[in-house]
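Colleague: My questions are about this predicted structure, shown below with the sequence.
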Amino acid sequence: MTEVSAPELRSRVSVMLAAHQQLEEQLSHLQRKRHLDESAVNTLKKQKLILKDSISKIERVLL
């Protein structure tokens, strides 16, 4: 397995944080709609959680 440098990991975290924020915005938009699509909301919430877990794992490696 190839070891990844700290700057590369930080870059990945930045990209992942931006993606997390984008998911948050999409979720907020969906929740404001009159006819709430629970399935879509749940999918976005799961994606956010998976992304946040991945970010946390990388941040632990960086410490």
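Modeller: Looks like it arrived, so ask away.

Colleague: starting at the chain centroid, how far to the longest helix along the chain?
Modeller: Criterion DSSP state H: the longest helix present in the chain is helix 6-32. Here helix 6-32 shows a centroid-to-chain-centroid distance of 5 Å under the convention Cα atoms, centre = their mean, to the nearest Å.

Colleague: Check stretch 33-51 too.
Modeller: That offset, for stretch 33-51, works out to 13 Å (Cα atoms, centre = their mean).

Colleague: host element of residue 39?
Modeller: helix 38-62 (DSSP states H and E).

Colleague: list the buried ones in that helix?
Modeller: 44, 48, 51, 55 (16 or more other Cβ atoms under 10 Å). For every residue, glycine as well, the C-beta is placed using N, CA and C.

Colleague: Quick one: those as JSON lines, columns for pLDDT and distance to residue 38 too.
Modeller: Output for the buried residues of helix 38-62, formatted as JSON lines (pLDDT from 0 to 100; distance: Cβ to Cβ, whole Å):
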{"residue": "44", "pLDDT": "95", "distance to residue 38": "11"}
{"residue": "48", "pLDDT": "96", "distance to residue 38": "15"}
{"residue": "51", "pLDDT": "97", "distance to residue 38": "20"}
{"residue": "55", "pLDDT": "96", "distance to residue 38": "26"}
